[in-house]
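Chemist: Here is my input; please provide its structure:
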Amino acid sequence: MEEEIYYKPMEHPNHLCFMFKSGKVTLEQFKDLVREPMYICKWCGRVAVKSDNLCAATSIQKGSCGIT
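Modeler: Numbering: from 1, shown residues only. Just a heads-up that it's a prediction; the model follows:
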């Protein structure tokens, strides 16, 4: 069974896709949000340090998602 993806529109201003396109963060700030990522977005493939910065985050830590 495929896992459902829950979109959180009220939290969208905190997501990388919104922040970068809207100019809410500088390139240097953006780099800090994606350096050494722990999560990947199931919709767009962006990666981030915190799951809160993605629309549909899933862990990419060793042992999750089939990564060994």
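
Chemist: all helices in the protein, in order from the N-terminus.
Modeler: Applying DSSP state H to the chain gives helices spanning 16-22, 27-34.

Chemist: where among those is the average confidence lowest?
Modeler: If you rank the helices of the chain by mean pLDDT, helix 16-22 sits at the bottom with a mean of 82.

Chemist: How about residues contacting stretch 38-51?
Modeler: Residues from elsewhere that reach stretch 38-51 (Cβ atoms under 8 Å, 6 or more residues apart in numbering): 5, 16-17, 32-37, 53-61. C-betas here are computed from N, CA, C, even on glycine.

Chemist: For that stretch, give the mean pLDDT please.
Modeler: Computed over stretch 38-51, the mean pLDDT rounds to 93.

Chemist: Closest to the centroid, which residue in this structure?
Modeler: Geometric centre of the chain, nearest residue: residue 54, 2.9 Å, by Cα atoms, centre = their mean.

Chemist: Please name the bridge partners of the closest residue to that residue other than its chain neighbours.
Modeler: In this structure, residue 54 finds its nearest non-sequential neighbour in residue 41, 4.1 Å apart by Cβ to Cβ, 6 or more residues apart in numbering. Assessed by DSSP bridges, residue 41 has beta-bridge partners residue 57.

Chemist: State the distance from residue 41 to residue 47.
Modeler: Distance, residue 41 to residue 47, by Cβ to Cβ, to the nearest Å: 8 Å.

Chemist: Make a markdown table out of the helices of the chain and add mean neighbour count.
Modeler: A markdown table is the format used below for those (neighbours: other Cβ atoms under 10 Å):
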| stretch | mean neighbour count |
| --- | --- |
| helix 16-22 | 15 |
| helix 27-34 | 12 |
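
Chemist: Quick one: residues contacting residue 20.
Modeler: Residues in contact with residue 20, defined by Cβ under 8 Å, 6+ apart, are residue 30.

Chemist: Next, work out how far apart it and residue 59 are.
Modeler: Distance, residue 20 to residue 59, by Cβ to Cβ: 22 Å.

Chemist: do the same with residue 25
Modeler: Separation of residue 25 from residue 59 (Cβ to Cβ) stands at 23 Å.

Chemist: cool, and residue 46?
Modeler: Per Cβ to Cβ, residue 46 is found 14 Å from residue 59.

Chemist: Many thanks, we can stop here.
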